[in-house]
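[1] Got a predicted model here, sequence first, then my questions.
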Amino acid sequence: MSDLTHLEEQVRECFGRAVYTHKTHEKMADSCADKLGSFKVAQLLVSALTASGAIATAFFEPQWVKVFTAVCSVATLVISGYMKGFDPGGTAQKHRDAATSIWPIRESYLSLLTDIKAGQITYETGVKRRDDLQVRLAAIYKGAPQTDGKAYLKAQEALQFNEEYTFSEQEIDCFVPPSLRKGGTR
């Protein structure tokens, strides 16, 4: 087995990890954005109920209306306090930023694999490019927020079953000019 073959195997592993990390950050961002949406709806709903209760107490005397309004007011306070300490929107943006930063590295690993496979680079050049990519990726990982197991499983499902990273020849042919198409007109 040649040195380039060993390098190719390692770069393939690095590429696979970059693909998964990129997709995991995308899924984590989606999860945080969904959580933000849920909290905003809950906040709006509880605020509306609190306002309705406050208006009702002006016209009605039953004690339950006052208790209901007080409970809704406390719920509004709890949700608002939680939202102040936890910023799912900001966290979602940090995950999107991490994914955006990982994307060019992922593509660079793919380009490196292509160059290795085509025999266009020496072992030394390949090692230098691999090392550079690892340093760049480490810097991104250092500043990236943590992901969780749920996001990883969603990324795994997206990549393995939903084929979110793959395209058919026909799909690619639709994206490129006719002269670059494989499935017909050249």
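    Received, thanks.
[2] and the lengthiest helix in the chain, what does it pack onto?
    Ordering each helix of the chain by length in residues (DSSP state H) puts helix 3-59 first. Packing contacts for helix 3-59, counted by 3 or more C-beta pairs under 8 Å, 6 or more residues apart in numbering; DSSP states H and E, involve helix 63-85, helix 88-117, helix 123-143, helix 149-160. Where you see a C-beta, it was placed from the backbone N, CA and C, and this is true even at glycine.
[3] contacting residues around Pro88?
    Pro88 makes contacts with Cys32, Ala33, Lys35, Leu36, Phe39, as judged by C-beta atoms under 8 Å, 6 or more residues apart in numbering.
[4] which one of the residues you listed is nearest Lys142?
    Taking C-beta to C-beta as the measure, Lys142 sits nearest to Cys32 out of the contacts of Pro88, at 20.0 Å.
[5] for the spatially most central residue of the chain, what are its contacts?
    The centre of the chain sits closest to Glu26, judged by C-alpha atoms, centre = their mean, with a distance of 1.2 Å. Counting by C-beta under 8 Å, 6+ apart, Glu26 touches His95, Arg96, Ala99, Ala155.
[6] at 10 Å what do you get?
    Listed by C-beta atoms under 10 Å, 6 or more residues apart in numbering, the contact partners of Glu26 are His95, Arg96, Ala98, Ala99, Thr100, Ile102, Trp103, Ala151, Lys154, Ala155, Ala158, Glu164.
[7] Thought Lys35 was touching Phe86, still the case?
    Yes: in terms of C-beta atoms under 10 Å, Phe86 counts as a neighbour of Lys35; the distance is 8.8 Å.
[8] If I follow the layout properly, Gln170 ends up in contact with Arg181?
    Yes: under the criterion of C-beta under 10 Å, Gln170 makes contact with Arg181 at 9.4 Å.
[9] With neighbour numbers in mind, choose between those two.
    The neighbour comparison of Gln170 against Arg181 (other C-beta atoms under 10 Å) goes to Arg181, with 16 against 11.
[10] Ala118 versus the more buried one, what's the distance?
    Arg181 is 21 Å from Ala118, where distance means C-beta to C-beta, to the nearest Å.
[11] cool, Gly143 as well?
    Distance of Gly143 to Ala118, given as C-beta to C-beta: 34 Å.
[12] Run through the residues that contact the nearest residue to His22 once chain neighbours are set aside.
    Once flanking residues are discounted, His22 sits nearest to Ile102: 4.4 Å by C-beta to C-beta, 6 or more residues apart in numbering. By C-beta under 10 Å, 6+ apart, the contact list for Ile102 reads 18-26, 136-137, 140-141, 144.
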